[in-house]
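# I need the structure of the sequence given here:
(4 chains)
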Protein chains: 2
Amino acid sequence: MSDKKKQIIDAATKSFSLFGYKATTMDQVAKMAKVGKGTIYTFFKSKEELLEDIVSSVISEIKREADAAIDHRLPFNENVQRALQRIFTFRKEHELTIKLLQEVRDIGTPAVRDVMKRLDREMIAYIREKIEEAMAKGEVRSCDSELMAFLMFKMYIALNIDWGKEHEPLSQQKIAELFDLYLLKGLSP
Amino acid sequence: MSDKKKQIIDAATKSFSLFGYKATTMDQVAKMAKVGKGTIYTFFKSKEELLEDIVSSVISEIKREADAAIDHRLPFNENVQRALQRIFTFRKEHELTIKLLQEVRDIGTPAVRDVMKRLDREMIAYIREKIEEAMAKGEVRSCDSELMAFLMFKMYIALNIDWGKEHEPLSQQKIAELFDLYLLKGLSP
DNA sequence: AAAATGACTAAATGGACAAATTGGTCAACG
DNA sequence: CGTTGACCAATTTGTCCATTTAGTCATTTT
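The predicted structure follows:
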């Protein structure tokens, strides 16, 4: 990748993280990246595509991190939980995802909504892969992997994020227990 | 309840259902109810309280309907599903709840957000009661009933509402199966 | 020639101000 | 005493106009 493209991506990432997508101007990105504004448009056809590219990188990074959390000697239920935990820890701790999610909640910028929806879909697709691998190995019984991944994702959000809004947040340990008891029990072969 | 109060409640319910909370004016309600505007304020201290009272009635109505769906000769898992099904069918089919939920999504009117949050909390409390009754009878193993009710509620939303946004909606039968397999299995004594 | 640039444009946004609307009150009424 | 609608303060809406912004492209730089 060219030097200038990297500078642009770095600058935009920093600005999106700091001010959000809407409040970031292309002039600002150009200045921070120390390039002319026109240069940005030789690499990206619009502001929206710039965001999409950056979020694609984030998605790859999250998948890499989730993969790193997986230990193939451990059973499926343990691994899927480790992966989910990493995914949501990332979302909660990385400035860019924090800022973008906040922007969706507070302003509802359509471009950001779309891109965060894609992030969700990709995370579900990732979990789905893991389920299918486990199914192939006979670690879990056969099931609709898309639906199962969707359910795991939603349940994790419920436990990890939603519950904490009106109650004392659950420990990772407690979440793991519940996950095991209620969701994974039904999956055992 | 006085005649005039009923007229006011009926008019407001109709107007909220038709135009939403924000787009309903107190003058309009007064006119529809064929009373002076001041009369409204002898029964309700504000527009918000009028909404709250109406939603309280809706909550009671939903609970009554859910209760009617329960058959004490059937096992817990069957009954809890029947109740949940009724609850969400109500939300999807009644003009008032449809309009108010739409208003929260599209405009985010704070008063409506608050009142719909309360509706959710009350539904969870209702499910919680059913769980505790079942626990007392030994139909399900002992557990944190609040947490369990919360999980059931969230899972039902995921299956009944969220899944359908990006996939072919699930049949009630399929939802029941999944519910049984994944959530209720972990609850069996 | 290819890559980079920033002045430029059309469109969107925001601010300031007036006009209209609305939730809530209360003196008067029957 | 229950009811009312004219009235008020406050918010919302409509309307300018100035500013800002995403995106383009003729020109410059390499």
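# residues of chain A that sit close to DNA strand D?
Taking CB under 7 Å from any atom of the strand as the contact definition, chain A meets DNA strand D at A:T24, A:T25, A:M26, A:D27, A:K37, A:G38, A:Y41, A:K45, A:S46, A:K47, A:E48. All C-beta atoms are positioned from the backbone trio N, CA, C, and that covers glycine.
# look up how far A:Q102 lies from the second one.
As judged by CB to CB, to the nearest Å, A:T25 and A:Q102 stand 19 Å apart.
# ditto for the third one
The gap separating A:M26 from A:Q102 is 21 Å, by CB to CB.
# these two: which is more packed in?
A:M26 (17 against 12; other CB atoms under 10 Å in any protein chain shown).
# so the more buried one sits right up against A:K37, yeah?
Yes - A:M26 is within contact range of A:K37, at 5.8 Å (criterion: CB atoms under 8 Å).
# relative to A:A69, how far out is the residue of chain A positioned farthest from its centre?
Outermost residue of chain A with respect to the C-alpha centroid, by CA atoms, centre = their mean, is A:G36; its distance is 31.4 Å. In this view, A:G36 and A:A69 are 42 Å apart by CB to CB.
# check A:E133 too.
15 Å.
# and for A:E139?
A:E139 is 17 Å from A:A69, by CB to CB.
# does the host helix or strand of A:L18 reach DNA strand C?
In this structure, A:L18 sits in helix A:3-19 according to DSSP states H and E. Yes - Helix A:3-19 is in contact with DNA strand C by CB under 7 Å from any atom of the strand, via A:K4.
# how many residues are close by the closest residue to A:R118 other than its chain neighbours?
Of all residues not flanking A:R118 in the chain, A:V55 sits nearest, at 7.1 Å (CB to CB, 6 or more residues apart in numbering or on different chains). Applying other CB under 10 Å, we find 22 residues neighbouring A:V55.
# pLDDT below threshold where in chain A?
A:1, A:184, A:186-189 (pLDDT under 70).
# quick check: domain ranges of it?
Using automatic domain parsing, the domain ranges for chain A come out as A:1-44, A:47-187.
# let's have the ones you listed in JSON lines, adding distance to B:M152.
Formatted as JSON lines, these follow (distance: least, CB to CB, whole Å):
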{"stretch": "domain A:1-44", "distance to B:M152": "36"}
{"stretch": "domain A:47-187", "distance to B:M152": "10"}
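# which of those sits closest to B:S60?
Among the domains of chain A, domain A:47-187 comes nearest to B:S60, with 22.1 Å by CB to CB.
# roughly how far apart are A:A134 and A:S142?
For A:A134, the distance to A:S142 - CB to CB - is 11 Å.
# of the two, who's got more company?
Between A:A134 and A:S142, counting by other CB under 10 Å, A:A134 is the more crowded of the two (20 against 10).
# hang on, that one packs against A:E78?
No - counting by CB under 8 Å, A:A134 does not reach A:E78; the two are 11.2 Å apart.
# and the helices in chain A?
A:3-19, A:26-33, A:37-43, A:47-69, A:76-93, A:95-106, A:110-136, A:145-157, A:163-166, A:172-178 (DSSP state H).
# list the buried residues in the longest one.
In terms of neighbour count (16 or more other CB atoms under 10 Å in any protein chain shown), helix A:110-136 has its buried residues at A:111-112, A:115-116, A:119, A:122-124, A:126-128, A:130-131, A:133-135.
# same check on the last one?
Applying a neighbour-count criterion of 16+ other CB under 10 Å, one finds A:I175, A:A176, A:L178 buried in helix A:172-178.
# near chain B at all, it?
Yes - against chain B, helix A:172-178 shows contacts by CB under 8 Å from any CB of the partner chain at A:L178.
# next one: the residue positioned nearest the centre of chain A from DNA strand D, what distance?
Centroid-nearest residue in chain A: A:L119, 5.1 Å away (criterion: CA atoms, centre = their mean). Using CB to the nearest atom of the strand, to the nearest Å, A:L119 is found at 21 Å from DNA strand D.
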